[in-house]
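In: predicted model, plus sequence, below.
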Amino acid sequence: MALIESLILISIALYLIYKWSTANYNVLRERGVHHEKPFPLIGNIKWSILRQKSSFLDSILSNYQKYKNCKIYGTYNFREPIIFISDLELIKKVGIKDFDHFTNHKSPFTEVKDNVFSKSLIALENQKWKEMRNTLTPSFTGSKMRLMFELINDCSIQGVKYLEKQTKATDNNELDLEMKEYFTKFTNDIIASTAFGIKVDSFEDPDNEFYKICKSCTKLRGVLIIKALFISVLPKLSRFLRMELLSSKISNYFKNLVFGAMKYRAENNIIRPDMIHLLTEAKKHFEETKNERTGEHAEFNDDDLLAQCILFFLAGLDTVSTCLSFTAHELLENQDVQDLLYQEVLEIEKELDGKPLNYDTIMKMKYMDMVISESLRKWPPNIILDRVCGNDYKLTDEEGNLIVEIKKKEMIAIPIAALHRDPEYFPEPGKFLPERFSDENKSNIKNLSYLPFGIGPRSCIANRLALMETKAIIYNMLLRFKIVRGPKTTKNMIKSIKGFLMQPEELFWMKFIPRDI
């Protein structure tokens, strides 16, 4: 009898879970949005992606191609319906014209209300986000980046010296190296210097505390993705469980680091052109103007400042190192491109005549800019862009015809990677062709088909900093080394990428050969 009762209870529980997991699966059908039939609980997320047999990138590309003749299409992310917008005019509408309806991101940080990350720029919403964005924007102007460039270039030189040392230690004066780890050390040292005001050398001293924290974050990337998905699907349960994306040990480390640096600088009257200084100045300006604000508005206390510092660490660490890894891979696959870029590097080196590389010089390197732009096209840091609908909204085309109704708190997405690989916008999209972005050709690129840093007022605030880091290390690296294919280099990049992470199964192995200079 007990067995029968247990089976009945289990059956009821499974039925209730099934009904709960599929409760929203009528939304897209009722709205007339094309989509594949969802699977209970996981929606349209493929089992092969969860099992690391195929990639989320491939899923984004194939869905876009499948619904190429549709202006919108849909998927279910677990239980949540997502409306993908692929028409450029509609993208302009939701990203720019009607931005006030789509101001906010779908961020797991937002759901963890009492966590320090809920105060970060990516998690803030509506007016609070707008005020914080306006406060932080002056910290990322060209003039501020110019002051910060020396710190970045020092880290670049430090990284190249490590390559030279390791190469000399080999038998054949050639170095095989996995570049994701290398570029993670580089970005780690840059963030330590430019954001937190400390100088570390993670190449020579990989046991330094800052890099240990960095490694703990990168090792847990898969766990963080699962946590983020859990928080997104079950926000109330996540808050009840007081789930955190990062441990209190990591947040406390940054808290002691930031507040310790602020106290020391105040006591010793030290000014250093890094993010702590820029954010401290922004905080002062915020305090001076806060009486001008009315209604609900942002705050900018010490915890808010700390949240922005940690956000720059989390956002900048993986995106820049991944961009650099793909760029270096494309240079080894396209030796003609590498040769042209090397020639430009030599011309700049001759022009500098022994003086150190500076911000103005590297920012005027046209071919360098073309190469990085093409790398961001082919391998964008964010393959989709999300927004949450702030109020019930009717999406219409240019003639006023209703495309779809979007309800408050529902999510839309823009398939950036698919737009970047659409042959209608970028002929032969699988080829690496920096000339697409030459002065003669870039005017032919259709508006909003290229969105490596997002769109509209909520585009990436730190894009100048990211580009500066990328160009500095590529410049110093190519000056000293030629990058070629090694025995472990992946043979087919896009097929080798699996799961949610943007990296090949073989990682980013490549060979460095010193140049005769």
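Out: On my side now, so go ahead.
In: the lowest-mean-pLDDT helix or strand in the chain: what's the following helix or strand?
Out: Every helix and strand of the chain was ranked by mean pLDDT, DSSP states H and E. The lowest is helix 108-111, at a mean of 55. Using DSSP states H and E, the helix or strand that follows helix 108-111 in sequence is helix 126-136.
In: who are the packing partners of whichever helix or strand comes after that following helix?
Out: Going down the chain from helix 126-136, the next helix or strand is helix 142-168, by DSSP H and E. Packing contacts for helix 142-168, counted by 3 or more C-beta pairs under 8 Å, 6 or more residues apart in numbering; DSSP states H and E, involve strand 175-178, helix 179-194, helix 359-363, helix 463-480, strand 481-484, strand 509-514. From N, CA and C alone the C-beta is placed, and that goes for glycine too.
In: pretty sure residue 329 is touching residue 508, no?
Out: Yes - the pair residue 329 / residue 508 is scored as a contact, 6.0 Å apart, by C-beta atoms under 8 Å.
In: pull up the overlap in contacts between those two.
Out: By C-beta atoms under 8 Å, 6 or more residues apart in numbering, residue 329 and residue 508 have these common neighbours: 179, 490.
In: in its sheet, what does the host helix or strand of residue 413 sit against?
Out: Using DSSP H and E, residue 413 sits in strand 411-414. The pairing partners recorded for strand 411-414 under DSSP bridges are strand 80-85 (parallel), strand 385-388 (antiparallel).
In: who touches the shortest one?
Out: Under the contact criterion C-beta under 8 Å, 6+ apart, strand 385-388 has outside partners 82, 94-95, 102-106, 409-414, 416, 451, 454-455, 458.
In: rerun at 6 Å
Out: Contacting residues not belonging to strand 385-388 are listed as 102, 104, 105, 106, 411, 412, 413, 414, 416, 454 [C-beta atoms under 6 Å, 6 or more residues apart in numbering].
In: run the chain-centre distance for it.
Out: Distance, stretch centre to chain centre, for strand 385-388: 14 Å (C-alpha atoms, centre = their mean, to the nearest Å).
In: residue ranges with poor pLDDT in the stretch 151-300 of the chain?
Out: 218-247, 290-298 (pLDDT under 70).
In: coming back round to it: among the strands paired with strand 411-414, which is nearest residue 168?
Out: strand 385-388 (44.5 Å; C-beta to C-beta).
In: would you mark the buried spots in the lengthiest helix in the chain?
Out: Using DSSP state H, we find that the single longest helix of the chain is helix 302-333. Going by neighbour count (16 or more other C-beta atoms under 10 Å), the buried part of helix 302-333 is 304-333.
In: contacting residues for the nearest residue to residue 485 once chain neighbours are set aside?
Out: In space, and not counting its chain neighbours, residue 485 is closest to residue 332: 5.5 Å by C-beta to C-beta, 6 or more residues apart in numbering. By C-beta under 6 Å, 6+ apart, the contact set of residue 332 is 483, 484, 485, 510.
In: which two from those residues end up farthest apart in space?
Out: Pairwise distances across the contacts of residue 332 peak at 8.8 Å for 483 and 485 (criterion: C-beta to C-beta).
In: before we move on, the earlier item: and the longest helix of the chain with strand 509-514, angle?
Out: Put simply, helix 302-333 runs at 70 degrees to strand 509-514, going by axes from the mean of the first three to the mean of the last three C-alpha atoms, to 10 degrees.
In: could the contacts of strand 385-388 go into CSV alongside pLDDT?
Out: Shown next, in CSV, are the contacts of strand 385-388 (pLDDT from 0 to 100):
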residue, pLDDT
102, 95
104, 93
105, 88
106, 80
411, 94
412, 97
413, 97
414, 98
416, 98
454, 94
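In: which two of the residues you listed have the greatest separation?
Out: 104 and 416 (18.1 Å).
In: which of these two has more neighbours?
Out: Neighbours were counted for residue 104 and for residue 416 using other C-beta atoms under 10 Å; residue 416 has more, 25 against 20.
In: can you get me a residue count around residue 100?
Out: Residue 100: 11 neighbours (other C-beta under 10 Å).
In: can you give me phi and psi for it?
Out: Per-residue torsions, residue 100: phi -60, psi -20 (degrees, to the nearest 10).
In: ditto for residue 504
Out: Residue 504 adopts backbone torsions of phi -70, psi 160, taken as degrees, to the nearest 10.
In: list the contacts for it?
Out: Contacts of residue 504 (C-beta under 6 Å, 6+ apart): 490, 493, 496, 497.
In: just the ones of these in helices?
Out: Among those, the members found in helices (DSSP H) are 493, 496.
In: for the contacts of residue 504, give me CSV that also has distance to residue 165.
Out: What follows is these, written out as CSV (distance: C-beta to C-beta, whole Å):
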residue, distance to residue 165
490, 26
493, 29
496, 30
497, 32
